[in-house]
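coords please:
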Amino acid sequence: MPTLIEVKHPLVQHKLSIMRDKSTSCHVFRQLLKEISQLLAYEVTSDLALTAKEIETPLVRMQAPTLSTDGVVLISILRAGNGLLDGIMELIPTAGVGFVGLYRDEETLKPVKYYYKVPKNLQNKTVIVVDPMLATGNSSIAAIDLLKKSGAEDIRFLCLLAAPEGIKNMQTHHTDVTIVTGSIDEKLNESGYIVPGLGDAGDRIFATV
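Down below sits the predicted model:
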């Protein structure tokens with residue numbers, strides 16, 4: 001799998017344009033985020049291994065390709081990551097789920113940890129980390145640092161938007177992590193927000209604007 005994938009599917013881009021519009025309601029924003037998360041999930045899981053399982057169709061017995069979904073762990077970077085988590089869990093309901101609580105210090109732009117709870121035995125799992133925005137990349141890097149300390153080896157990062165600065169930062173610190181995003185935007189502004197972006201994803205998901 002390439003280390004950087006920008007999903008340019010028309011459905012992703014159309015839904016993303018509606019989400020960028022500041023007049024889009026919280027309810028619609030959440031629904032679109034859930035829908036896009038499922039479209040992005042197809043890409044981030046495209047190389048998962050299949051095994052053969054014998055089944056019987058109405059006509060014959062066959063060796064049917066089967067996905068071992070208990071080998072997948074979803075990690076949400078709180079709080080905004082939960083907006084992506086729900087949609088992916090509908091596709092992979094047997095996946096393990098973990099949470100990393102990080103908030104960004106608005107002066108230093110550095111991540112501060114306040115919560116960490118993930119499944120055990122991450123060594124043999126495909127770990128998909130979700131957060132709508134890859135801005136500076138500092139929080140995502142910190143979360144992946146923690147996951148690697150917990151034994152995770154196969155890690156993918158799924159986000160709605162990514163800034164070039166965040167991509168460069170992630171690829172500098174974690175060369176082995178694949179980034180899947182709906183859009184590579186132009187830049188970060190002086191406050192560390194993605195431009196053109198869509199504002200603060202957490203605020204728009206939870207109506208805390």
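
can you give me the helices in the chain?
For the chain, applying DSSP state H gives helices covering 10-20, 26-44, 82-91, 138-149, 164-173, 201-206.

what packs against the fourth one?
The one in question is helix 138-149. strand 72-78, strand 96-104, strand 111-117, strand 126-130, strand 154-162, helix 164-173 (3 or more Cβ pairs under 8 Å, 6 or more residues apart in numbering; DSSP states H and E). To be clear about C-beta, it is placed using only N, CA and C from the backbone, and glycine gets the same treatment.

residue contacts, the closest residue to residue 92 other than its chain neighbours?
Using Cβ to Cβ, 6 or more residues apart in numbering and skipping the chain neighbours, the partner closest in space to residue 92 is residue 69 (5.0 Å). With contact taken as Cβ atoms under 8 Å, 6 or more residues apart in numbering, residue 69 is in contact with 92, 93, 94, 95.

Residue 191 now?
Residues near residue 191 by Cβ under 8 Å, 6+ apart: residue 106.

now do residue 5
43, 44, 178, 179, 180, 181.

Then residue 209?
Counting by Cβ under 8 Å, 6+ apart, residue 209 makes contact with 199, 200, 203.

repeat that with 7 Å
Residue 209 is in contact with residue 203, counting by Cβ atoms under 7 Å, 6 or more residues apart in numbering.
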